[in-house]
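>>> Just the structure for this:
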Amino acid sequence: MLNNKRLFMDVHVIQTLPPSNMNRDDSGSPKTAQYGGVRRARVSSQAWKRAMRYYFIDNSEEELGVRTKHIVAYVAKQICELDNGISYQDAMQLAEQALEAAGLKIDKKEKLAKALFFLGKKQAVSLARAAIDNRDNMSDKKVKDVFRNLLGDNPEIDIALFGRMVADNPALNEDASAQVAHAISTHAVQTEFDYYTAMDDQSPSDQAGAGMIGMIEYNSATLYRYANVAVHELLRQIGDKNAVINVLKLFTEGFSNSLPTGKVNTFANQTVPQAIMVNIRDDRPVSLVSAYEEPVKSVEGFVKKSVDKMFDELHRTEKFVHRPVATFYMSVNGDSGVEIGKEEADLAELLEDLGKEFEILL
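Numbers count the residues shown, from 1 in each chain. From the prediction side, this is the model:
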């Protein structure tokens, strides 16, 4: 039983990408970062967390949260489903009053939240039921406290993992139990340019030239990706051991197999990881990005050297932190020749063993 102990899950991935631009800045350039004195390809944590949420939607039956400004309409829908005797117009008014009582700022003209708000289905239903039951005393201080508490209880898994921030009312914040790092290339990159033309199918034969010209920037890279979950915090938020184990397995699978979709139709950069390692720790989470502070250099590909450096760095970190409670890893290159934990045949086997380990630890 975990009790009051701290427990963390680190997930490390090496993934190589062909020419692509799946996360770009305001000028259309692939995002980059300086690290170890050279320019690296970068994919923001926000981009990958969104990809993970969509992976959860497509590959699990878990109820997920909704991030939207249309929060009044979302709660009003739940009110109508709970009591079909209430008109949609009255439900909208009731939902607006309930959300304001909970501490959210609502644009009364547009019926929209002032900023995007992350709300779970269970929370919306609870709020709708409370709005129906307290329609005549919304201004009561105790009722407001009830509404505010309902927005913090029973968070959906993506809210628990990725958190919720409400700048206008910090009392509605939900601390994230997961952290996702910006992915960076293990080596130096240079941005390249694709000059393209589009031809007009109906252009007269005596008019030469393209109907359109343009430029797309891209790079190719082998990425080091890292994320962690504070398992003890996730257990506090969700409260059910079996549910937490399922979420941890889903998180690992989603982090491994999700992919941001920027310019994917242009580049079809549909790759999967070349290696994944999951460490369970009882002291603190540890990123292994320091393995690549000295960039990998090669004319024979970056993947193998990147994987080897990741495994080597794990041993080096043990000079400062505890050895992981358990380690599971898998590489598409087969036997890595290292002894760091249990080597898995595939991701499905890794997830199964991960679940069994947490059955013991939790």
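>>> Select the longest strand from this protein.
strand 212-230 (DSSP state E).
>>> Surely Tyr196 touches Met215?
Yes - at 7.5 Å, Tyr196 counts as touching Met215 under the criterion of Cβ atoms under 8 Å. Heads up, the C-betas are built off the backbone N, CA and C, glycines and all.
>>> Just want to know which of the two has more residues nearby.
Neighbours per residue, other Cβ atoms under 10 Å: of Tyr196 and Met215, the larger number sits with Tyr196, 12 against 9.
>>> Centre of the chain to the longest strand of the chain, how far?
Relative to its chain's centre, strand 212-230 lies at 15 Å (Cα atoms, centre = their mean, to the nearest Å).
>>> packing partners for it?
In this structure, strand 212-230 makes packing contacts with strand 8-20, strand 38-43, strand 178-180, strand 183-185, strand 192-198, helix 241-257, helix 303-317, judged by 3 or more Cβ pairs under 8 Å, 6 or more residues apart in numbering; DSSP states H and E.
>>> Please identify the most buried of these.
Among those, ranked by average contacts under mean count of other Cβ atoms under 10 Å, first place goes to strand 183-185 (a mean of 27).
>>> Report the central residue of this structure.
A centroid search over the chain (Cα atoms, centre = their mean) returns Lys49, at 2.0 Å, as the residue closest to the centre.
>>> mind listing what it touches?
By Cβ atoms under 8 Å, 6 or more residues apart in numbering, the contact list for Lys49 reads Phe162, Val180.
>>> distance of the spatially closest residue to Tyr224 that is not a sequence neighbour from Tyr88?
The spatially closest residue to Tyr224, leaving aside those adjacent along the chain, is Thr186, at 5.3 Å (Cβ to Cβ, 6 or more residues apart in numbering). Taking Cβ to Cβ, to the nearest Å as the measure, Thr186 falls 54 Å from Tyr88.
>>> Pick out whichever of the two has more residues nearby.
Neighbour count, other Cβ under 10 Å: between Thr186 and Tyr88, Thr186 has more, with 28 against 12.
>>> now the more buried one: how far from Tyr35?
In terms of Cβ to Cβ, Thr186 sits 10 Å off from Tyr35.
>>> Quickly list what's touching both of those two.
By Cβ under 8 Å, 6+ apart, the residues touching both Thr186 and Tyr35 are Tyr292.
>>> And the residue lying farthest from the centre of the chain, which helix or strand is it part of?
Largest separation from the mean C-alpha position in the chain: Asp206, at 53.0 Å (Cα atoms, centre = their mean). Per DSSP states H and E: Asp206 is located in neither a helix nor a strand.
>>> can you tell me which residues contact it?
Asp206 makes contact with no residue, according to Cβ under 8 Å, 6+ apart.
>>> any idea how far it is from Ile213?
Distance from Asp206 to Ile213, counting by Cβ to Cβ: 20 Å.
>>> likewise Met165?
42 Å.
>>> The two: which is more packed in?
For Met165 and Ile213, the more surrounded residue by other Cβ under 10 Å is Met165, and the numbers stand at 14 against 10.
>>> which one is that one nearest to, not counting chain neighbours?
Closest to Met165 by Cβ to Cβ, 6+ apart is Asn173, at 5.6 Å.
>>> I'd like to know how far the one you found sits from Leu119.
Look at Asn173 and Leu119: by Cβ to Cβ, they are 13 Å apart.
>>> For these two, indicate the residue with more neighbours.
Each of Asn173 and Leu119 has its neighbours counted (other Cβ under 10 Å); Leu119 has more, 24 against 13.
>>> Just the pLDDT for that one.
pLDDT recorded at Leu119 is 93.
>>> wait, it sits on Lys69?
No - using Cβ under 8 Å, Leu119 makes no contact with Lys69, being 11.1 Å away.
>>> Between these two, which contacts overlap?
In contact with both Leu119 and Lys69: no residue, using Cβ under 8 Å, 6+ apart.
>>> neighbours around the closest residue to Val143 other than its chain neighbours, how many?
Spatial nearest neighbour of Val143, chain neighbours left out: Asn134 (5.0 Å); criterion: Cβ to Cβ, 6+ apart. When neighbours are counted by other Cβ under 10 Å, Asn134 registers 20.
>>> What of the one 4 residues further on?
Residue crowding around Met138 was assessed by other Cβ under 10 Å; the count is 16.
>>> Let me see the contact set for it.
Gln97, Ala98, Ala101, Ala131, Lys144.
>>> From Asp10, how far out is Thr317?
Thr317 sits at a distance of 10 Å from Asp10 (criterion: Cβ to Cβ).
>>> Quickly list what's touching both of those two.
Residues touching both Thr317 and Asp10 (Cβ under 8 Å, 6+ apart) are Val286.
>>> Val143: neighbour count?
19.
>>> Can you tell me how far it is from Asp136?
Counting by Cβ to Cβ, the gap from Val143 to Asp136 is 10 Å.
>>> Without its sequence neighbours, what residue ends up closest to Ile184?
In space, and not counting its chain neighbours, Ile184 is closest to Arg40: 4.3 Å by Cβ to Cβ, 6+ apart.
>>> can you pull the pLDDT of that neighbour?
98.
>>> Also Leu99?
Looking at Leu99, the pLDDT reads 93.
>>> Mind listing what's buried along the helix or strand where it lies?
Using DSSP H and E, Leu99 sits in helix 88-102. Buried residues in helix 88-102, counted by 16 or more other Cβ atoms under 10 Å: Ala91, Met92, Gln93, Leu94, Ala95, Glu96, Gln97, Ala98, Leu99, Glu100, Ala101, Ala102.
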